[in-house]
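Asker: What shape does this take:
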Amino acid sequence: MTTTLLRATDVVPQAWRNGGGTTRELLARPEGAWRVRVSVAEVARDGPFSAYPGVQRWIAVLKGAGVELTIDGAARRVTRIDAPLAFAGDAATQCRLLDGPTRDLNLMLRGARGGLCLVEDGLPWLPQAAQCGLFTAVEGRCHVDDGEAIALPHHALLWFDPAPASLQFFAEQRPPAATGWWLAATPEDAT
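Answerer: Numbers count the residues shown, from 1 in each chain. Purely as a prediction, here's the structure:
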């Protein structure tokens, strides 16, 4: 099993073409024609999201009051206390900031199935996926298959390829919102 650890602050932000924010791409696998992409975005102003035909997207709010996304005409709010929101990458999506800039976690899957869900502090998670990861909101320890404990800083991505059978995250502190998010991905052509 290969593990990769990346802190969001160690990745250089790239400006969006529309000037509405920046993105820190933490993971794109495989390189070149990615099927799995994990990023952290700083959303500075209201505006449209870029279209990604054939991509399933998830968004979770890390910092700030949150956003209201209008997806194909239907409005949905996402705040720091909400579960991640899934939507189609080719949907016409407009973003309105609820009260100033936000920092968001994004998962994109192309030709893969999976998802993004909230971590329940200390409870086991069974990824049932080819690859998986943990993005932390706070410092803590990730226990792998009831064995190795990996110390993690806040706002870091720990990625496993292949995925272990089980994971647990123990937060060092209880934040007012989520302690972290589990990410899972399996290529559609995987057996």
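Asker: Within its local environment, how many residues does residue 50 see?
Answerer: Residue 50: 12 surrounding residues under other C-beta atoms under 10 Å. (Glycine included, C-beta is placed from N, CA and C.)
Asker: distance between stretch 134-143 and the chain's centre?
Answerer: Distance of stretch 134-143 from the chain centroid (C-alpha atoms, centre = their mean, to the nearest Å) equals 13 Å.
Asker: tell me which residues of it are tucked away?
Answerer: Buried residues in stretch 134-143, counted by 16 or more other C-beta atoms under 10 Å: 134, 135, 136, 137, 138, 140, 142, 143.
Asker: Which pLDDT value goes with the fourth one?
Answerer: Reading off the per-residue confidence, residue 137 sits at a pLDDT of 93.
Asker: Show the model's pLDDT score for residue 191.
Answerer: 53.
Asker: Repeat that for residue 69.
Answerer: According to the prediction, residue 69 has pLDDT 97.
Asker: just residue 1 next, same as before
Answerer: 79.
Asker: OK, contacts around it?
Answerer: 160, 161, 162, 164 (C-beta atoms under 8 Å, 6 or more residues apart in numbering).
Asker: Could you point out which residue ranges in this protein have low pLDDT?
Answerer: Scanning the chain for pLDDT under 70 picks out 190-191.
Asker: Out of the contacts of residue 1, which sit inside strands?
Answerer: In this view, the contacts of residue 1 that belong to strands under DSSP state E are 160, 161.
Asker: List only buried entries from the contacts of residue 1.
Answerer: Buried among the contacts of residue 1 (16+ other C-beta under 10 Å): 160, 161, 164.
Asker: what would the buried residues of stretch 134-143 look like in TSV with secondary structure?
Answerer: Shown next, in TSV, are these (DSSP: H, G, I helix; E, B strand; the rest coil):
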residue	secondary structure
134	strand
135	strand
136	strand
137	coil
138	coil
140	strand
142	strand
143	strand
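Asker: from these, which is closest to residue 6?
Answerer: Using C-beta to C-beta, residue 135 comes nearest to residue 6 of the buried residues of stretch 134-143, at 9.7 Å.
Asker: export the buried residues of stretch 134-143 to a markdown table and tack on distance to residue 74?
Answerer: Output for the buried residues of stretch 134-143, formatted as a markdown table (distance: C-beta to C-beta, whole Å):
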| residue | distance to residue 74 |
| --- | --- |
| 134 | 30 |
| 135 | 26 |
| 136 | 31 |
| 137 | 27 |
| 138 | 32 |
| 140 | 35 |
| 142 | 36 |
| 143 | 39 |
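Asker: And the furthest pair within those residues?
Answerer: 137 and 143 (17.4 Å).
Asker: quick one, what contacts residue 44?
Answerer: Listed by C-beta under 8 Å, 6+ apart, the contact partners of residue 44 are 20, 21, 22, 101.
Asker: Contact partners for residue 128?
Answerer: By C-beta under 8 Å, 6+ apart, the residues touching residue 128 are 163, 184.
Asker: Looking at the buried residues of stretch 134-143, which one is closest to residue 182?
Answerer: Among these, residue 134 lies closest to residue 182 (C-beta to C-beta), at 6.1 Å.
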